[in-house]
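Q: Fold the following for me, if possible:
(2 chains)
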Amino acid sequence: MTRLQIILVRLALLALVLAAWEMLPRLGAVNPLLLPPLSQVLEMLGQLLVRPTVQEAVAITAAEVIVAFVVAVPLGAAAGIAIAESEYLGEVFKPMLFYVFSVPKSIFLPMFILVFGIGFQQKVAYAAFTTSFVVLMSATAAVESVRADHIMVARSYGATSAQILLRVYVPSMLPILLETLRISMIFNFTRVMIAEMYASRTGIGHLIANWGENFQMPQLFAGVIVLAAVAILFNESVRALEARCSTWRT
Amino acid sequence: MQHVANLKDARSRADAPAIEVERLSHVYAGPDGGVPALTDISMSVNAGRFVVIVGPSGCGKTSLLMMMAGLRRQTEGAILCHGRPIPDPDPERVGVIFQEASLFPWLTTLNNIEFPLSLRGTPREERRRRSEAMLTLVGLVGFGERYPHELSGGMKQRVSIARGLVQDPPVLLMDEPFAALDEQTRMTMGHELLRIWSTTKKTVVFVTHSLTEAVYLADEVLVMSARPGRIIDHIEVTLPRPRTYEMMATDVFGRLRDRIWQQIRRSA
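A: Now for the predicted structure:
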């Protein structure tokens, strides 16, 4: 199959799904109250996007996602690298961290509400807390992926510690670290959503939860489309970065 | 007097052996006072010679080589490289080739070869010129822009040899460089190495556990015993150069190979 054929098949599939979304509720095959036709949802989307409350909600959610990510990644990476590099820290903390990692982090959400109240800080703190675990675990794996023989080679050519760090550690770890960025972004976004849907006054998650409870299905689906668009935008940004940084693959 | 002493010192350095090991012993730290790994090793490698150290697995031959490279410290004794100790790696004096080619997968062939030069900030054009000369030397013209995963095992080891030679060190230390290759590639690479050696006139210390490889490559073979490693035999290989594959079928070759094997078997 050529590239063009693949793209055509993809577009055809997409058209099929969208057509079904439009036609099935209209033909009465599914309840239009549960699944409003696509045209109705798009119309609602147009109306929602110009509403200041919705614009504000999108901006706040995006800000929460970005701030939590910016806090979690360096924190998790530093902790992960420290644990992987220092035998002592590894011995002490590794088992504990693995146990805590296995516990669903959602159960800590009420504690974050108690400590931070309901608001921006609480969303960011909760998302950053859970995301930094994902980053930490992957950063540990990234350090462990640095091959001892590569370090030995660099040493035999007289590399200094700084040169070993920059020219062996960083490029060795890069593929895993970039992959980590992408996966942790997905986690991070999910955590912000959970926090918003659980207890919040604004944000897309909050709006979607509200619309759902009030049985406003066109709004709900329009909200899902906005959310999906934002999530894909974040994911693709990280992926573009990843593609630029890794010209080699083994 | 001082003046004369310095002169004498300088002269002795100029014709000092490429590698001298004096009464070297090594003990691995352990709970019961440690495990002796190498015992009372003394040896001397003259400049331009191809010396092979052969011995059973775990006899400490790789450790000994790493100590010559300044990558590991011995417990006792001294190692001199051209008359001076080598406490730390010094790529100007000694190049090391490892068992695995250990190329950096994120660098192209040329950039891998240039790696040692880039560590010392050699200008870009000079780096390119020297790495391309090395590429020609090891017979990989046209593969400069390939990444390691696009090369075969033998080609990777050629790149690794080029990387070891790029700073033009007088001594090349090789730690079972062909052990991970298949038999046929290994034979070809041995032959290639002899060609490179005769063009560059380096001193080579080559560690292996293959008896055939030892006899085929060496001017001199040092045989080591099982742990704790000692040097139990020193054999001059009298076969003429250039070596050919046909020599492997000769009586002389067979006798040398057998002598090494008998020594190793007796020591185990």
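
Q: What segments of the stretch 151-268 of chain B are helices?
A: Taking DSSP state H, counting those that start in this stretch to define them, one finds helices in the stretch 151-268 of chain B at B:153-165, B:183-200, B:211-217, B:251-267.

Q: Tell me how far B:Cys81 lies from B:Val171.
A: Per Cβ to Cβ, to the nearest Å, B:Cys81 is found 6 Å from B:Val171. Heads up, the C-betas are built off the backbone N, CA and C, glycines and all.

Q: Find the residues that touch each one of the two.
A: Residues touching both B:Cys81 and B:Val171 (Cβ atoms under 8 Å, 6 or more residues apart in numbering or on different chains) are B:Ala18, B:Ile19, B:Arg93, B:Val94.

Q: re the thing from before, looking at the helices of the stretch 151-268 of chain B, which is closest to chain A?
A: Chain A lies closest to helix B:153-165 among the helices of the stretch 151-268 of chain B, at 8.1 Å (Cβ to the nearest Cβ).

Q: before we move on, the earlier item: could you look over the helices of the stretch 151-268 of chain B and pick the most buried one?
A: A comparison of these by mean neighbour count, using mean count of other Cβ atoms under 10 Å in any protein chain shown, puts helix B:153-165 on top with a mean of 24.

Q: Was I right to think A:Gly158 contacts B:Ser118?
A: No. Assessed by Cβ atoms under 8 Å, A:Gly158 is found out of contact with B:Ser118, at 11.6 Å.

Q: Might you report the residue contacts of the residue nearest the centre of chain A?
A: Nearest to the mean C-alpha position of chain A, by Cα atoms, centre = their mean, lies A:Ile186 at 1.8 Å. Listed by Cβ under 8 Å, 6+ apart, the contact set of A:Ile186 reads A:Ala231, A:Asn235.

Q: can you do 10 Å?
A: Applying Cβ atoms under 10 Å, 6 or more residues apart in numbering or on different chains, one finds that A:Ile186 lies in contact with A:Thr131, A:Val134, A:Ala231, A:Phe234, A:Asn235, A:Val238.

Q: how about the helix or strand where A:Asn235 lies: buried residues?
A: Using DSSP states H and E, A:Asn235 sits within helix A:217-245. Going by neighbour count (16 or more other Cβ atoms under 10 Å in any protein chain shown), the buried part of helix A:217-245 is A:217-224, A:226-227, A:230-231, A:234, A:238-239, A:242.

Q: Out of these, the closest to chain B would be?
A: Checking those against chain B with Cβ to the nearest Cβ, the nearest one is A:Glu242 at 14.0 Å.

Q: Any regions of the stretch 1-150 of chain B where pLDDT drops low?
A: Within the stretch 1-150 of chain B, the ranges that satisfy pLDDT under 70 run B:1-14.

Q: near chain A, which residues of it?
A: For the stretch 1-150 of chain B, the residues in contact with chain A (Cβ under 10 Å from any Cβ of the partner chain) are B:66, B:69-71, B:88-92, B:94-108, B:112, B:115-120, B:147-150.

Q: Just the ones in helices from those residues, please.
A: Secondary structure from DSSP state H places B:Met66, B:Asn112, B:Phe115, B:Pro116, B:Leu117, B:Ser118, B:Leu119 of the residues of the stretch 1-150 of chain B next to chain A in helices.

Q: Between all of those, which two are separated the most?
A: Pairwise distances among those were taken by Cβ to Cβ; the largest, 23.5 Å, belongs to B:Met66 and B:Ser118.

Q: more crowded one of those two?
A: B:Met66 (22 against 16; other Cβ atoms under 10 Å in any protein chain shown).

Q: what's the spacing between the spatially closest residue to the more buried one that is not a sequence neighbour and chain A?
A: Spatial nearest neighbour of B:Met66, excluding adjacent residues (Cβ to Cβ, 6 or more residues apart in numbering or on different chains): B:Arg72 at 4.2 Å. The spacing between B:Arg72 and chain A, counted by Cβ to the nearest Cβ, to the nearest Å, is 10 Å.

Q: Hmm, B:Ser63 and B:Arg72 touching each other?
A: Yes. Using Cβ atoms under 10 Å, B:Arg72 is in contact with B:Ser63, at 6.3 Å.

Q: Now do the shared contacts for the two.
A: In contact with both B:Arg72 and B:Ser63: B:His26, using Cβ under 10 Å, 6+ apart.

Q: Neighbour count: these two, which is higher?
A: Using other Cβ under 10 Å as the criterion, B:Arg72 and B:Ser63 rank with B:Ser63 on top: 20 against 13.

Q: Quick one: list the elements packing against the helix or strand hosting that one.
A: For B:Ser63, the host element (DSSP H and E) is helix B:61-68. Under the contact criterion of 3 or more Cβ pairs under 10 Å, 6 or more residues apart in numbering or on different chains; DSSP states H and E, helix B:61-68 touches strand B:19-28, strand B:35-45, strand B:50-54, strand B:76-81, strand B:94-97, strand B:171-175, strand B:203-208, strand B:220-224.

Q: Which positions in the second one come out as buried?
A: Spelled out, it's strand B:35-45. Neighbour-count burial for strand B:35-45 flags B:Ala37, B:Leu38, B:Thr39, B:Ile41, B:Met43, B:Val45 (criterion: 16+ other Cβ under 10 Å).

Q: Output it as PDB - backbone C-alpha positions only.
A: Output of strand B:35-45 as PDB, limited to C-alpha atoms (Å, rounded to 0.1, in the frame of the first residue of the first chain):
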ATOM      1  CA  VAL B  35      40.900 -12.700  46.500                       C
ATOM      2  CA  PRO B  36      44.400 -12.800  44.800                       C
ATOM      3  CA  ALA B  37      43.900 -12.100  41.100                       C
ATOM      4  CA  LEU B  38      47.400 -11.600  39.800                       C
ATOM      5  CA  THR B  39      50.600 -12.800  41.300                       C
ATOM      6  CA  ASP B  40      54.100 -11.400  40.700                       C
ATOM      7  CA  ILE B  41      53.800 -10.400  37.100                       C
ATOM      8  CA  SER B  42      56.900  -9.100  35.400                       C
ATOM      9  CA  MET B  43      57.000  -8.500  31.600                       C
ATOM     10  CA  SER B  44      58.500  -6.200  29.100                       C
ATOM     11  CA  VAL B  45      57.200  -5.300  25.600                       C
END
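
Q: the inter-axis angle of it versus strand B:19-28?
A: 180 degrees (axes from the mean of the first three to the mean of the last three Cα atoms, to 10 degrees).

Q: can you map out the helices along chain A?
A: Counting by DSSP H, chain A has helices at residues A:3-27, A:38-49, A:52-85, A:87-102, A:109-116, A:120-144, A:148-156, A:161-164, A:170-198, A:204-213, A:217-245.

Q: now the first one: how far from the chain's centre is it?
A: Which is helix A:3-27. A distance of 27 Å separates the centroid of the chain from that of helix A:3-27, by Cα atoms, centre = their mean, to the nearest Å.
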